[in-house]
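> here you go, sequence then predicted model.
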Amino acid sequence: ELVLQPQPSRDPNDPLNWSPMRKYINFAISNCIQVWILELSAGRSLPSSITLSYNDLANSYAASLAGLAFGCLLFIPFALKFGKRPVYIFSTLVSCICAIWAGNAIT
């Protein structure tokens, strides 16, 4: 027997009950916002403010995406075994430590 997780509800605000058009519109809006944020944060003004080439920026972005991909392969089995909350707390702690470390870098 197939058990649906999460259990469906009759709530009209539940995304599982949205019409296909509403799902497509929500997906399109979230994609537009994501592209807009990426363009504003790493647009053409960034290389002039720091001494990196476009290749260095592209390589660092590719490395972060590879880290996200391999992180999922590592953290999903741990989340299934130990629960989502400890894995979430651990990954948030590691992210905060890395952000502080990167913010204090003098390069």
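Structure's in. What do you need?
> so N26 sits right up against P20, yeah?
No - with contact defined as CB atoms under 8 Å, N26 does not count as touching P20 (10.7 Å). Where you see a C-beta, it was placed from the backbone N, CA and C, and this is true even at glycine.
> and those two? Which one has more around it.
Legend: neighbour count by other CB atoms under 10 Å for N26 and P20, higher for N26 (12 against 7).
> how close does that one sit to I106?
43 Å (CB to CB, to the nearest Å).
> swap in I89?
Taking CB to CB, one finds I89 at 30 Å from I106.
> neighbour count winner among these two?
Just comparing I89 and I106: by other CB under 10 Å the higher neighbour count belongs to I89, 10 against 3.
> check which helix or strand that one maps to.
helix 84-103 (DSSP states H and E).
> in terms of secondary structure, what does that helix contact?
Here helix 84-103 touches helix 54-82, going by 3 or more CB pairs under 8 Å, 6 or more residues apart in numbering; DSSP states H and E.
> identify each buried residue in the helix it packs on, please.
A79 (16 or more other CB atoms under 10 Å).
> other SSEs contacting it?
Packed next to helix 54-82, using 3+ CB pairs under 8 Å, 6+ apart, are helix 46-49, helix 84-103.
> mind saving the C-alpha coords of the longest one as CSV?
Same thing as helix 84-103. Taking C-alpha atoms only, helix 84-103 is exported to CSV below (Å, rounded to 0.1, in the frame of the first residue of the first chain):
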residue,chain,number,x,y,z
LYS,A,84,16.5,16.0,10.4
ARG,A,85,17.0,18.3,13.4
PRO,A,86,20.5,17.2,14.4
VAL,A,87,21.7,17.3,10.8
TYR,A,88,20.1,20.7,10.3
ILE,A,89,21.7,22.1,13.5
PHE,A,90,25.1,20.6,12.5
SER,A,91,25.0,21.9,9.0
THR,A,92,23.9,25.4,10.1
LEU,A,93,26.7,25.4,12.7
VAL,A,94,29.3,24.5,10.0
SER,A,95,27.9,27.1,7.7
CYS,A,96,28.2,29.8,10.3
ILE,A,97,31.7,28.8,11.1
CYS,A,98,32.7,28.9,7.5
ALA,A,99,31.0,32.3,7.0
ILE,A,100,32.9,33.7,9.9
TRP,A,101,36.1,32.2,8.6
ALA,A,102,35.6,33.6,5.1
GLY,A,103,34.7,37.0,6.6
